[in-house]
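Asks: pasted the sequence and its predicted model underneath.
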Amino acid sequence: MKKDEIIHNWKMLPRDSEIDMDTVPYGHKGSAFNIDSVSIRGSEEFIDSILSRIKPILSMESDTTRIKVSRENGKCFIQAHERGPEAIAKNNIIKSLE
């Protein structure tokens, strides 16, 4: 896409639309480069301002998925991963004891 097409498409997106993020499958081997992720670079203030807009991703920290997140040196990386069957079972046991 050319810049003007990208900007047009961006403008047409509804504000606060749902974030549709695919997860890295459990047991995935090799690069996860082509699987959905968020990478933010800049000042701490800029990173925080973007994170405040993508809070729905936090819901992916659950019994069946987890968020892989790192933040250092002006970079923040976020990706969601499927949990394995052992982790899901453990989470269900813990949940039943609460």
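Replies: Everything's here; your move. Since the model is a prediction, treat every value here as computed from it, not as a measurement. Numbering: from 1, shown residues only.
Asks: longest helix anywhere in the protein?
Replies: If you go by DSSP state H, the chain has its longest helix at helix 85-97.
Asks: tell me what that one is packed against?
Replies: Under the contact criterion of 3 or more C-beta pairs under 8 Å, 6 or more residues apart in numbering; DSSP states H and E, helix 85-97 touches no helix or strand at all. The C-beta positions use only the backbone N, C-alpha and C, and glycine is treated the same way.
Asks: that helix: how far from the chain's middle?
Replies: Relative to the centre of its chain, helix 85-97 is centred 22 Å away, using C-alpha atoms, centre = their mean, to the nearest Å.
Asks: check what pLDDT K90 gets.
Replies: pLDDT for K90: 80.
Asks: and it, how many neighbours does it have?
Replies: Neighbour count for K90, taken as other C-beta atoms under 10 Å: 13.
Asks: got the phi/psi numbers for the residue nearest the centre of the chain?
Replies: Centroid check for the chain by C-alpha atoms, centre = their mean gives Q79 as the closest residue, at 4.1 Å. The phi and psi torsions at Q79 (degrees, to the nearest 10) take the values phi -150, psi 140.
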